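Trainee: coordinates only, sequence not included:
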């Protein structure tokens, strides 16, 4: 294993903990009315996304943000509870200014969303009807969030998920901190979401179909027949002799049978609905990926429901990409290790969860391999997090010990119990840092620095070095990454998941195809080096690392400016140690601005982020780079 290229040790002179509100007002997230608390969360997410994507300057904490909307002839005034260098601001109640003398009236989430969306739609010449759809999603997200809060507040003290892995997957009650509609779930009913939602600790048996073998299509990275994989996962499902079990999400099963190509299979008797059967599976934070603690694999099910900005249909091209990536990671020989062997040798504490197989129905005449999809496409994913005990971590692919946690769940904000008292910790991150401070006898601020450096070592460094040595880049946003924590709260292992986020830099394409002939056939995988650097700078730099820094600051654990300096110094050391990462690290450290996905603008423009060319699926904006000015 290569020595830690980050080197060094954290300074003992970091800032002590501080509250996000200089006036020490009660946190509106802790309001006893779950609808009020949910409205606060929804408003903050809307405002964070809006000010980031429009380049609006946020004043210091204790002052008021004035959002002047000239096309709508309206001004909104918002008190700033905490100003974040990375965008994790905290805001108070929105008010509409009614007079030049400062008169104002309160504005609820509906008015705030309508005003901001309308201004943007008018500014960009978008139809106002499109804006109405975006506002509806913001309000649906706020309503869903209120249900999550009410349900969790009604739980008995100490209630948790069945395993630590699932507990973290179920922790995202408020949703993405920089998305205007993080909990919008389109067409699903409340009754359906009772069992389908991780936030409500839902679980459900899968809906199974029986398919004739001639109708089954799919592949696996190691050549194992997908029919064998499916039979091993279909415990408790009675399948007619000679047929193959095919899983579906219960919501998707209803939608898929209405698709013309699926209907053809049903009418021909090549596909038969069996209904719900077998043991319960648990939805993870993405909703469509399901986990069972005793199963050998997780399943990423197709789900045509619109969640945030996209319908989560699995596309066959994406599924092939997952299998191709798994084969690439396995390529090589003992004398000439490929990317996967190199990664295991250099970073045994880090692993990639492979989407190593996929399955669907529909093949032969009238069913071209490229689709259209039947709606029953499923990816089969590694499951190292097996076993039912709450003190057990999967280990396996990523090694290490402790609890495996989705990073988005680790950073997820919590609200108080609704009785006027605050939550014991604002997030699981706070609890982990407090454990670190106690175990090592240091301040919370220094514990935060140690935690950030260890997080870089376990998660970011392996990803950057994989990119530098092999030209393979991933999309490690918070929901796609996991860490295991040791007894002292520090990260001890890391994982990446999701087959959709793979890029090969064009400069390395020929070498990788020599390692795995046919690597690029039928999949979109090779991109210009500069574009790959830009996307990694966003997903790993802006979304992940700067997001972690923002969480530390927003939760009052440490000053963001200090952590940005720690982060910059660590990446400077890595730049000196890894010449192959020069382009990426120059972008992260020196570029005055970074390209950033614009969730608000993408939502208002009505784009589906999973459809179309990868260059134009989402709106991107330039974000001032806080690392460029950070002082180590």
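Mentor: Yep, that arrived. Small disclaimer: the values here were computed from a predicted structure and weren't measured.

Trainee: in its sheet, what does the helix or strand harbouring residue 358 sit against?
Mentor: Residue 358 belongs to strand 355-361 when assigned by DSSP states H and E. Strand 355-361 sits in its sheet next to strand 216-220 (antiparallel), strand 378-382 (antiparallel), going by DSSP bridges.

Trainee: just name the most buried of those.
Mentor: With neighbours defined as mean count of other CB atoms under 10 Å, those peak in mean count at strand 378-382, which reaches a mean of 25. (Glycine included, C-beta is placed from N, CA and C.)

Trainee: mean confidence score for the next helix or strand after that one?
Mentor: Per DSSP H and E, the first helix or strand lying C-terminal to strand 378-382 is strand 403-406. Strand 403-406 shows a mean pLDDT of 86.

Trainee: got it, and stretch 70-81?
Mentor: If you average the pLDDT over stretch 70-81, you get 95.

Trainee: sorry, back to before: wait, which of the strands paired with strand 355-361 is closest to residue 546?
Mentor: Shortest separation from residue 546 across the strands paired with strand 355-361 is recorded for strand 378-382, at 27.6 Å, computed as CB to CB.

Trainee: pull the residues that contact the closest one.
Mentor: 220, 226, 229, 233, 246-248, 289, 297-302, 314, 318-319, 322, 353-360, 396-397, 497, 499 (CB atoms under 8 Å, 6 or more residues apart in numbering).

Trainee: check stretch 113-125 too.
Mentor: With contacts defined as CB under 8 Å, 6+ apart, stretch 113-125 is touched by 46, 50, 54, 67, 69, 71-72, 74, 76, 96, 107, 126-128, 130-131, 134-135, 138-139, 180, 600-601, 604-605.

Trainee: what's the answer for stretch 288-301, then?
Mentor: With CB under 8 Å, 6+ apart, stretch 288-301 has contacts from 162-163, 165-166, 169, 206, 229, 232-233, 247-249, 252, 279-284, 286, 302-303, 312, 314, 353, 355, 378-383, 385-388, 499.

Trainee: try 6 Å this time
Mentor: 163, 249, 281-284, 303, 312, 378-381, 383, 388 (CB atoms under 6 Å, 6 or more residues apart in numbering).

Trainee: nearest to residue 84 among these?
Mentor: Using CB to CB, residue 284 is the member of those that lies nearest residue 84, at 27.9 Å.

Trainee: which residues does the closest one contact?
Mentor: When contacts are counted by CB under 6 Å, 6+ apart, residue 284 touches 169, 291.

Trainee: quick check: the gap between it and residue 290.
Mentor: Between residue 284 and residue 290 the computed distance is 7 Å (CB to CB, to the nearest Å).

Trainee: what does residue 90 give?
Mentor: Separation of residue 90 from residue 290 (CB to CB): 34 Å.

Trainee: ok, residue 61 next?
Mentor: Applying CB to CB, one obtains 42 Å for the distance of residue 61 from residue 290.

Trainee: when the two are compared, which one has more neighbours?
Mentor: Legend: neighbour count by other CB atoms under 10 Å for residue 61 and residue 290, higher for residue 290 (25 against 19).

Trainee: next, that one: secondary structure please.
Mentor: Taking DSSP: H, G, I helix; E, B strand; the rest coil as the rule, one finds residue 290 in the strand state.

Trainee: from residue 322, how far out is the closest residue in space to it that isn't next to it in sequence?
Mentor: Using CB to CB, 6 or more residues apart in numbering and skipping residues adjacent in sequence, the residue nearest residue 290 is residue 281, 4.0 Å away. With distances taken as CB to CB, residue 281 is found 19 Å from residue 322.

Trainee: more neighbours, these two?
Mentor: residue 322 (26 against 23).

Trainee: roughly how far apart are residue 336 and residue 519?
Mentor: Distance check for residue 336 against residue 519: by CB to CB, it reads 16 Å.

Trainee: the more surrounded of the two?
Mentor: Using other CB under 10 Å as the criterion, residue 336 and residue 519 rank with residue 519 on top: 19 against 10.

Trainee: which SSE is the closest residue to the more buried one other than its chain neighbours in?
Mentor: Nearest residue to residue 519 in three dimensions, chain neighbours excluded: residue 513, at 4.8 Å (CB to CB, 6+ apart). Following DSSP H and E, one finds residue 513 within helix 509-515.

Trainee: given the next helix or strand after that helix, what are its sheet partners and their directions?
Mentor: Of the helices and strands lying after helix 509-515 in sequence (DSSP H and E), the nearest is strand 526-527. Sheet pairing for strand 526-527, assigned by DSSP bridges, gives strand 502-505 (parallel).

Trainee: what's next to the strand it pairs with, contact-wise?
Mentor: So strand 502-505 is contacted by 325, 471, 473, 525, 526, 527, 529, 532 (CB under 6 Å, 6+ apart).

Trainee: in a markdown table: these, plus distance to residue 25, pLDDT and neighbour count.
Mentor: Below are the contacts of strand 502-505 laid out as a markdown table (distance: CB to CB, whole Å; pLDDT from 0 to 100; neighbours: other CB atoms under 10 Å):
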| residue | distance to residue 25 | pLDDT | neighbour count |
| --- | --- | --- | --- |
| 325 | 49 | 95 | 26 |
| 471 | 50 | 96 | 21 |
| 473 | 43 | 96 | 26 |
| 525 | 51 | 93 | 18 |
| 526 | 53 | 95 | 19 |
| 527 | 48 | 95 | 19 |
| 529 | 49 | 96 | 17 |
| 532 | 45 | 95 | 23 |
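
Trainee: quick check: the farthest pair among those?
Mentor: Most distant of these, by CB to CB, are 325 and 529, 18.6 Å apart.

Trainee: output the contacts of strand 502-505 in JSON lines; the columns should cover distance to residue 154.
Mentor: Below are the contacts of strand 502-505 laid out as JSON lines (distance: CB to CB, whole Å):
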{"residue": "325", "distance to residue 154": "42"}
{"residue": "471", "distance to residue 154": "51"}
{"residue": "473", "distance to residue 154": "44"}
{"residue": "525", "distance to residue 154": "47"}
{"residue": "526", "distance to residue 154": "51"}
{"residue": "527", "distance to residue 154": "48"}
{"residue": "529", "distance to residue 154": "52"}
{"residue": "532", "distance to residue 154": "47"}
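
Trainee: what count of nearby residues applies to residue 102?
Mentor: 10.

Trainee: point out where the stretch 251-400 of the chain drops to low pLDDT.
Mentor: With pLDDT under 70 as the threshold, the stretch 251-400 of the chain has low-confidence stretches at 309, 364-371, 387-400.
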